[in-house]
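> Here's a sequence, model it:
(chains A and B)
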Amino acid sequence: MTGHRGAILGLHLGVIGALAALYFVLPAYHVSNLARVMVLSVFAMGYNIAFGYTGLLSLGHALFFASGLYATGSLVQLAGWSAGPGLLAGIAAGALVALAVGLLALRTTGVAFMIVTLMFAQAGYLLILYFGPLTRGDEGYVIDRAARAVAGLDLSDDRTRYFAALALFALALAACLALVRSPTGRVLVAMRENAERSRMLGYDPFRYRLIGLVASGLLAGASGAAYGLMFGYVGATFASIQYSILPLLWVLLGGAGTVLGPFLGTLVMFYLVDLSSSVTTAYLMVVGLALLALVLFARKGLLGSLRERALPWLP
Amino acid sequence: MAAVSLLSTRGLTRRFGGLTAVDGVDLDLGTGEIRALIGPNGAGKTTLVGLICGRIAPSAGTIRFEGRDITALPAHARVALGIAYTFQITAIYARLPVYDNVALAVQRRGAADLAAETLAALDRVGLADRAGQTAGTLAYGHQRLLEVAMGLALAPKLLILDEPTQGLADTEIETFKRLVREVARSATVLLIEHNMELVMDLADRITVLNFGEVLAEGTPAEIRADRAVQAAYLGA
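Next up is the predicted model:
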């Protein structure tokens, strides 16, 4: 539907504008945090395309994030590429690995799909450890400051990094918004809602799930590639199961199938961990309680519940 | 045999384990006709149309559509050729707006103005004023009409309706009858239906299935007079 276009545009531009303004009022510590949240929320947005819109519950998205991270990191730090082409290669790596995994894993659905994607991600993680002499495994490696300049912008500088993260975030947000409001986005949602019905409307479920997964992998790869350049570290932890579960939690918390939900979920989860770990070492218990409250009181996540109760036009 | 055969099946068979649900069916549908498919419960009607639209793979036999062999074609590709199927159990997207349900069909066949053509398709079944409503909150009869609207919006050459009037009130059946007659001006309709009054009134020809085989085929008058049909089905 074409209604509410003004409100939708205003809301998303408002969020981007507010994030730009926050740079000037927040202390340095929170500026750095927020840059991290913005980059990671691009990962979450990617996860949301697959899970929230297309209905693909993947447990292997760490593989796509790590593909971007390692492609960019290796090319820039080990092969001596400059950061610009390295970044693009990282984005492409996320999409290509998602394509390869999708061609095989999308022969399955439901629980089998979860297991197959989990296995692929574990294989990727073990591959990184196996090539330890090159990747330095768990320990990882640092990308030199000099190698982290994209088009003359030094991403190790706080201010540059913040606005580069914001630019990536804004671009990803615009891409998600355009996709989910497009005819293709409508078909992705149709696959989530009822794949058999969609098949009988003439849409090949395999093809559209693959489109959703590749778009998802592309964003995850972009997030990984940017993360490496902005924070200067590449390590196998980012390919571990933890980084497959995190985007799922971020999306569930913020609201699956909402455009701004992944960012909100990443932000809330980040500060939940940050604040509670400054009070207690049992911060995971606080996170657990928050997730329990979510399941009990707002099963559709923060924005999903808000959409249901008050703002039906929220994309 | 009709000179212009839109769809023809030869020896179409489907076995489920030891049960032969559809057994060597030869069916020819002429362009523009309304064909009813009747038969007792378990006669294989839904399986037969499932084979035709590609939801079920045949054990043996061939299906030709406009002269082309489509036996091996997947269901979504058959839709692109012009075969549309509406489900026996209402299968709308209950959590999406009525508009999106029909827009999915309209955009599949390609539309210059998606919004206008979607509303026009909704208007045909009298649901245009409910475009913004969540489909699952429609009354049951309206959900059935929405299901039909989705099939119609594909602008198919062959529209398969699987028990479309099940659970509809009499006034809604009248609306539905008008709709099918209007559709038949531009498409062939294959109708599975238990409402005999409706079948006799609407169908050009009737095919009777029993135990997966074609028991009889003919005009409504011929079928009414057929002794085998009376014994197997009409209970007279």
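
> Now the residue of chain A found nearest chain B. Nearest residue, chain neighbours left out?
At 3.2 Å from chain B, A:G202 is the closest residue in chain A, using Cβ to the nearest Cβ. For glycine as for every other residue, the C-beta is placed from the backbone atoms N, C-alpha and C. Leaving aside its sequence neighbours, A:G202 sits nearest to B:V79 (Cβ to Cβ, 6 or more residues apart in numbering or on different chains; 3.2 Å).

> mean confidence for the helix or strand that neighbour falls within?
B:V79 belongs to helix B:75-81 when elements are defined using DSSP states H and E. The average pLDDT for helix B:75-81 rounds to 95.

> Show me what counts as buried in that helix.
B:75-76, B:78-79 (16 or more other Cβ atoms under 10 Å in any protein chain shown).

> What is it packed up against?
helix B:45-53 (3 or more Cβ pairs under 8 Å, 6 or more residues apart in numbering or on different chains; DSSP states H and E).

> isn't A:I241 right up against A:M119?
No. Under the criterion of Cβ atoms under 8 Å, A:I241 makes no contact with A:M119, lying 11.0 Å away.

> now, which of the buried residues of helix B:75-81 sits nearest chain A?
Taking the buried residues of helix B:75-81 together and measuring to chain A by Cβ to the nearest Cβ, the closest member is B:V79, at 3.2 Å.

> and the gap between the most centrally placed residue in chain B and B:A36?
In chain B, the centroid-proximal residue (Cα atoms, centre = their mean) is B:I160; its distance is 1.7 Å. In this view, B:I160 and B:A36 are 12 Å apart by Cβ to Cβ, to the nearest Å.

> Repeat that for B:T47.
For B:T47 relative to B:A36 (Cβ to Cβ), the value is 17 Å.

> So which residues of the chain form strands?
Defaulting to chain A. A:141-142, A:149-150, A:153-154, A:233-234 (DSSP state E).

> Wait, chain B was what I had in mind.
Along chain B, the segments classed as strands by DSSP E run B:5-16, B:19-30, B:34-38, B:60-65, B:68-69, B:83-86, B:158-162, B:188-192, B:205-210, B:213-218.

> For burial, what's the neighbour tally of A:Q242?
10 (other Cβ atoms under 10 Å in any protein chain shown).

> hang on, it packs against A:A62?
Yes. The pair A:Q242 / A:A62 is scored as a contact, 7.4 Å apart, by Cβ under 8 Å.

> Tell me the backbone dihedrals of A:T54, please.
The phi/psi pair for A:T54 (degrees, to the nearest 10) reads phi -90, psi -20.

> Could you count how many residues lie near the nearest residue to it once chain neighbours are set aside?
Nearest in space to A:T54, with sequence neighbours left out and distances taken as Cβ to Cβ, 6+ apart, is A:G212 at 3.3 Å. The local packing of A:G212 (other Cβ under 10 Å) involves 28 other residues.

> for A:Y227, same thing?
26.

> Can you tell me the closest non-neighbouring residue to it?
Nearest one to A:Y227, counting by Cβ to Cβ, 6+ apart, is A:V39 at 5.2 Å.

> A:A225 is in contact with that neighbour, correct?
No. Applying Cβ under 8 Å, one finds A:V39 not in contact with A:A225, separated by 9.8 Å.

> Tell me which of those two has more neighbours.
Remark: of A:V39 and A:A225, A:A225 carries more neighbours, 32 against 27, as counted by other Cβ under 10 Å.

> Can you tell me the closest non-neighbouring residue to that one?
That would be A:G90: by Cβ to Cβ, 6+ apart, it lies 2.6 Å from A:A225.

> on that earlier part again, next, give phi and psi for the residue of chain A closest to chain B.
phi 100, psi 10.

> returning to that earlier point: with just CA atoms, put the helix holding B:V79 into PDB.
Extracted in PDB, the C-alpha atoms of helix B:75-81 (Å, rounded to 0.1, in the frame of the first residue of the first chain):
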ATOM      1  CA  ALA B  75       3.900 -26.300 -10.500                       C
ATOM      2  CA  HIS B  76       5.100 -22.800 -10.500                       C
ATOM      3  CA  ALA B  77       6.100 -23.000 -14.200                       C
ATOM      4  CA  ARG B  78       2.600 -24.300 -15.100                       C
ATOM      5  CA  VAL B  79       1.100 -21.300 -13.400                       C
ATOM      6  CA  ALA B  80       3.200 -19.200 -15.800                       C
ATOM      7  CA  LEU B  81       1.700 -21.100 -18.700                       C
END
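
> Write out the residues of chain B neighbouring chain A.
B:53, B:55, B:74-77, B:79-80, B:84-85, B:87, B:91-97, B:99-100, B:103-105, B:107-109, B:114-115, B:131-132, B:150, B:154 (Cβ under 8 Å from any Cβ of the partner chain).

> Tell me which of the strands of chain B sits nearest to A:L306.
Evaluated over the strands of chain B, closeness to A:L306 peaks at strand B:83-86, with 35.4 Å, by Cβ to Cβ.

> What sits closest to A:L264 if chain neighbours are left out?
A:G254 (4.1 Å).

> roughly how far apart are that neighbour and B:R185?
51 Å.

> Give me the packing partners of the helix or strand of chain B with the lowest mean pLDDT, helices and strands only.
The helix or strand of chain B with the poorest confidence is helix B:227-229; it has a mean of 78 (mean pLDDT, DSSP states H and E). In terms of contacts (3+ Cβ pairs under 8 Å, 6+ apart), helix B:227-229 is packed against strand B:213-218.

> Sheet-wise, list the partners of the strand it packs on with their directions.
strand B:205-210 (antiparallel) (DSSP bridges).

> so how far is the partner strand from its chain's centroid?
Taking Cα atoms, centre = their mean, to the nearest Å, one finds the center of strand B:205-210 at 14 Å from the center of the full chain.

> Equivalent analysis for stretch A:54-73, please.
8 Å.

> and if you look at stretch B:187-205?
Distance, centroid of stretch B:187-205 to centroid of chain: 10 Å (Cα atoms, centre = their mean).

> and that stretch, average pLDDT?
So the average pLDDT for stretch B:187-205 ends up being 91.

> Only the buried residues of that stretch, if you could.
Buried, per 16+ other Cβ under 10 Å, within stretch B:187-205: B:187-193, B:195-196, B:198-199, B:202-203, B:205.

> just stretch B:217-225 next, same as before
Of the residues in stretch B:217-225, those buried (16+ other Cβ under 10 Å) are B:217, B:220, B:223.

> Out of the residues you listed, which comes closest to chain A?
B:E217 (26.5 Å).

> thinking the closest one is in contact with B:D204, fair?
No. Contact between B:E217 and B:D204 fails when scored by Cβ under 8 Å: they sit 11.6 Å apart.

> ok, now how distant is the nearest residue to B:T90 once chain neighbours are set aside from A:D204?
The shortest distance from B:T90 to any non-neighbouring residue, by Cβ to Cβ, 6+ apart, is to B:Q143 (4.9 Å). Distance, B:Q143 to A:D204, by Cβ to Cβ: 26 Å.

> who has more neighbours, these two?
Between B:Q143 and A:D204, B:Q143 has the larger neighbour count (other Cβ under 10 Å), namely 21 against 18.

> sorry, back to before: contact partners for the residue of chain A closest to chain B?
By Cβ atoms under 8 Å, 6 or more residues apart in numbering or on different chains, the residues touching A:G202 are B:76-77, B:79-80, B:108-109, B:154.

> Could you rerun that using 7 Å?
B:76, B:79-80, B:108, B:154 (Cβ atoms under 7 Å, 6 or more residues apart in numbering or on different chains).

> Please apply the same query to B:L12.
B:22, B:25, B:51, B:58, B:61, B:63.

> now do 10 Å
When contacts are counted by Cβ atoms under 10 Å, 6 or more residues apart in numbering or on different chains, B:L12 touches B:22-27, B:47-48, B:51-52, B:58-63, B:71, B:212.
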